[in-house]
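Student: I would like the atomic coordinates for the input below:
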Amino acid sequence: MPGAASARVLCWNVERKAPHTPTGAPGIEHLFGQSPDVMAITEARTVFPTRGGHTLWSAPPRGTHFADDERKLLLWSREPWRHVDRVGAPGLDRTRFVAGTTDTPVGPLRVFGICIPWHMAEVTHPIDEKRKPWELHINYLEALVGLVESIDAPSVLAGDFNQTFPRARRERIVAAEALAHALATVDVVTSGQVDGCTKPGIDHIAATRDLSAHNVWGWPNVIDGKRLSDHDGVGVDLRLR
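Tutor: From the prediction side, this is the model:
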């Protein structure tokens, strides 16, 4: 519908780059240059600039090889956050989750920031115990199911899914099935290879079915000759159905 209000949501893994560095600064400029209403940024830093907006953070990451200002997950919004949740569901890794509600041009929007563990998380470098490949990834998805099923308001889930959607051949069928099951009641609007990206991505935005995506785009990890991340990024304009 021409002229209908929309909320702009961006998602990108910035690969732990500090915002003031030669590769961190242009990544920040690229994000804010797209005039977002909401952003889900993974592998971020607490010194991420607010630019007049508001941020939420997940708990500090597990392990000893992270800087004090590193977080797996950041949510940024133009308007203040309320109803903040850093727990999510029983068994969900609190270092990889944060949620809140913010006002957008389409009204209140519930935003769930997620960072699903990669398939080798704590396999080669265990923290409390040695894990099997895909173990923590699938555990996270199993904990997420009930939370997603309980959503009852316009919402998005955004972050690093650490899988393409739909499944790529390199990903285990059981992991793909776990992801599809966890997201059965929402639409992954960034599925496949998004226009502007170099390949099918693992940073995704999913929306409840009371929202529709009328514009979906992406950008490569290398911009103007600079490698700004190891991930392509994605964005979407969402309208109320």
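Student: so residue 156 is in which element?
Tutor: strand 155-160 (DSSP states H and E).
Student: for this structure, give me the ranges with low pLDDT.
Tutor: Scanning the chain for pLDDT under 70 picks out 1-3, 169-171.
Student: if we can go back for a sec, which elements pack onto the strand holding residue 156?
Tutor: Applying 3 or more C-beta pairs under 8 Å, 6 or more residues apart in numbering; DSSP states H and E, we find strand 155-160 packed against strand 7-13, strand 38-45, strand 107-115, strand 203-207. For glycine as for every other residue, the C-beta is placed from the backbone atoms N, C-alpha and C.
Student: in a markdown table, list those strands along with distance to residue 151 and mean neighbour count.
Tutor: Formatted as a markdown table, those follow (distance: least, C-beta to C-beta, whole Å; neighbours: other C-beta atoms under 10 Å):
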| stretch | distance to residue 151 | mean neighbour count |
| --- | --- | --- |
| strand 7-13 | 16 | 26 |
| strand 38-45 | 16 | 26 |
| strand 107-115 | 7 | 23 |
| strand 203-207 | 10 | 26 |
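Student: want to throw the ones you listed into JSON lines with distance to residue 91?
Tutor: Putting the helices and strands packed on strand 155-160 into JSON lines (distance: least, C-beta to C-beta, whole Å) gives the following:
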{"stretch": "strand 7-13", "distance to residue 91": "24"}
{"stretch": "strand 38-45", "distance to residue 91": "20"}
{"stretch": "strand 107-115", "distance to residue 91": "14"}
{"stretch": "strand 203-207", "distance to residue 91": "20"}
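Student: looking at the ones you listed, which is nearest to residue 194?
Tutor: strand 203-207 (9.4 Å; C-beta to C-beta).
Student: so residue 114 touches residue 96, yeah?
Tutor: Yes. Residue 114 lies in contact with residue 96 (C-beta atoms under 8 Å); the separation is 6.7 Å.
Student: what ranges do the helices span in the chain?
Tutor: With helices called from DSSP state H, the chain shows them at 24-32, 135-149, 173-182.
Student: mean neighbour count and distance to residue 39 added to these, as TSV?
Tutor: Listed next are the helices of the chain as TSV, based on neighbours: other C-beta atoms under 10 Å; distance: least, C-beta to C-beta, whole Å:
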stretch	mean neighbour count	distance to residue 39
helix 24-32	18	6
helix 135-149	19	20
helix 173-182	17	22
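Student: okay, those helices in a markdown table with distance to residue 77 next?
Tutor: As requested, the helices of the chain are exported to a markdown table (distance: least, C-beta to C-beta, whole Å):
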| stretch | distance to residue 77 |
| --- | --- |
| helix 24-32 | 13 |
| helix 135-149 | 20 |
| helix 173-182 | 24 |
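Student: can you give me every residue that contacts the most centrally placed residue in the chain?
Tutor: Residue closest to the mean C-alpha point of the chain, counted by C-alpha atoms, centre = their mean, is residue 159 at 1.0 Å. Shown in contact with residue 159 (C-beta atoms under 8 Å, 6 or more residues apart in numbering): 11, 40, 42, 73, 113, 114, 115, 116, 203, 204.
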